[in-house]
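Undergrad: Curious how this folds, go ahead:
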Amino acid sequence: MVLTSKKQAVVSALRRQMLELEGFKQAGASVSAGLGLGKIETVFPGGVFPLNTVHEFVYDQPEELAASCGFIGGLLSYIMKKGGMCLWINSSKGVFPPAAKMFGLEPDRIIFVSMRKQQDILWALEEGLKCTGLCVVIAEIEHLDFVQSRRLQLAVEKSGVTGFVIRSGIKTLGATTCAARWKIIPIASIIPDDLPGVGFPQWEVNLLKVKNGSPSQWVMGWKKGQFSLQQAERPAGRTNQLITQEAG
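TA: All right, here's what the predicted structure looks like:
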């Protein structure tokens with residue numbers, strides 16, 4: 001079926017409205033600076049990292065949880081530049097608040113809450129995402145089904161808050177309404193000039209799923225207060241393909 005130019009304009013407008021509801025706003029003066037991810041942001045619709053929506057970060061090993069927290073810390077350093085508070089709900093006690101300063105964050109602007117019961121974490125996450133006084137809510141949670149994720153998405157559409165959900169057990173992942181699914185894997189840091197000590201953080205960043213975008217893989221680091229692209233974009237690797245197949 002061939003659409004007329006008028007119908008095409010209507011369809012394009014509807015698609016744009018749907019993407020904006022999902023956090024993919026059109027690039028403009030207010031978002032031109034982005035979140036410091038450079039070329040990574042071009043894989044998202046409109047070339048804009050989706051805010052005011054929910055992202056999933058999945059992991060298998062404790063070191064991947066730490067890597068996810070580090071990568072999220074880098075994102076927070078950009079998101080929180082305009083002010084606002086962050087709520088961080090954790091169950092593993094693996095978050096070290098003073099380390100936030102490494103990413104240019106002020107720990108006193110992050111409310112850390114420790115919970116054990118999954119239903120309590122999910123409740124606190126949803127309530128936090130409804131709070132317009134917050135700009136970001138982060139939660140470590142084991143299970144998130146489609147219905148639960150839809151409730152979270154409806155909450156952020158009304159409040160404008162951005163949510164980051166960190167989940168374990170990637171082999172049992174199902175469908176959710178989250179705008180993107182990430183897997184952050186730590187890799188050996190590069191120490192300049194063979195000096196002793198620990199180098200800057202470096203990660204293999206896997207974007208496993210993204211609505212209306214292109215799943216990809218990069219090597220990135222955090223250096224001198226900003227993200228640093230160490231390796232150009234490459235096609236989804238074996239880990240990405242396996243997880244995508246298992247997650248359906």
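
Undergrad: going forward, measure contacts and count neighbours with C-alpha atoms only.
TA: OK.

Undergrad: Glu204 is in contact with Trp218, correct?
TA: Yes. Trp218 is within contact range of Glu204, at 5.8 Å (criterion: Cα atoms under 8 Å).

Undergrad: Give me the more crowded residue out of those two.
TA: Remark: of Trp218 and Glu204, Trp218 carries more neighbours, 22 against 18, as counted by other Cα atoms under 10 Å.

Undergrad: Does anything pack onto the helix or strand in which the more buried one is found? Which helices or strands?
TA: Element membership for Trp218 (DSSP states H and E) is strand 216-223. Strand 216-223 makes packing contacts with strand 202-210, strand 226-234 when contacts are defined by 3 or more Cα pairs under 8 Å, 6 or more residues apart in numbering; DSSP states H and E.

Undergrad: and those strands, which is most packed in?
TA: Burial of those is given as mean neighbour count (mean count of other Cα atoms under 10 Å); strand 202-210 ranks first at a mean of 22.

Undergrad: quick one: contacts for the spatially most central residue of the chain?
TA: Nearest to the geometric centre of the chain sits His55, at 4.5 Å (Cα atoms, centre = their mean). Taking Cα atoms under 8 Å, 6 or more residues apart in numbering as the criterion, His55 is in contact with 163-165, 178-182.

Undergrad: try 7 Å this time
TA: By Cα atoms under 7 Å, 6 or more residues apart in numbering, the contact set of His55 is 163-165, 178-181.

Undergrad: do Ile111 as well
TA: Counting by Cα under 7 Å, 6+ apart, Ile111 touches 86-88.

Undergrad: Phi and psi next, for it.
TA: Main-chain dihedrals, Ile111, degrees, to the nearest 10: phi -90, psi 110.

Undergrad: Any figure for the gap between it and Gly128?
TA: Ile111 is 11 Å from Gly128, where distance means Cα to Cα, to the nearest Å.

Undergrad: same check, this time on Thr53
TA: 13 Å.

Undergrad: Direction included, what does the strand holding Trp218 pair against?
TA: strand 202-210 (antiparallel), strand 226-234 (antiparallel) (DSSP bridges).

Undergrad: rank the ones you listed by pLDDT, which is bottom?
TA: Of all those, the minimum mean pLDDT falls on strand 226-234 (a mean of 72).

Undergrad: give me the number of residues near Asp108?
TA: Asp108 has 12 neighbours, counted by other Cα under 10 Å.

Undergrad: Can I take it that it is in a strand?
TA: No. Counting by DSSP: H, G, I helix; E, B strand; the rest coil, Asp108 falls outside a strand, being helix.

Undergrad: give the contact list for it.
TA: When the contact criterion is Cα under 7 Å, 6+ apart, Asp108 has no partners at all.

Undergrad: So, low pLDDT: which residues of this structure?
TA: Under the criterion pLDDT under 70, the flagged ranges of the chain are 1-3, 5-33, 93-97, 169-172, 192-198, 231-248.

Undergrad: Packing partners of the helix or strand hosting Ala124?
TA: Assigning secondary structure by DSSP H and E places Ala124 in helix 118-130. Here helix 118-130 touches strand 134-140, helix 146-159, going by 3 or more Cα pairs under 7 Å, 6 or more residues apart in numbering; DSSP states H and E.

Undergrad: Turn those into CSV, including mean neighbour count and distance to Trp123.
TA: What follows is the helices and strands packed on helix 118-130, written out as CSV (neighbours: other Cα atoms under 10 Å; distance: least, Cα to Cα, whole Å):
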stretch, mean neighbour count, distance to Trp123
strand 134-140, 25, 11
helix 146-159, 18, 10
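
Undergrad: Tell me which of these approaches Ala100 most closely.
TA: Ala100 lies closest to strand 134-140 among those, at 13.9 Å (Cα to Cα).
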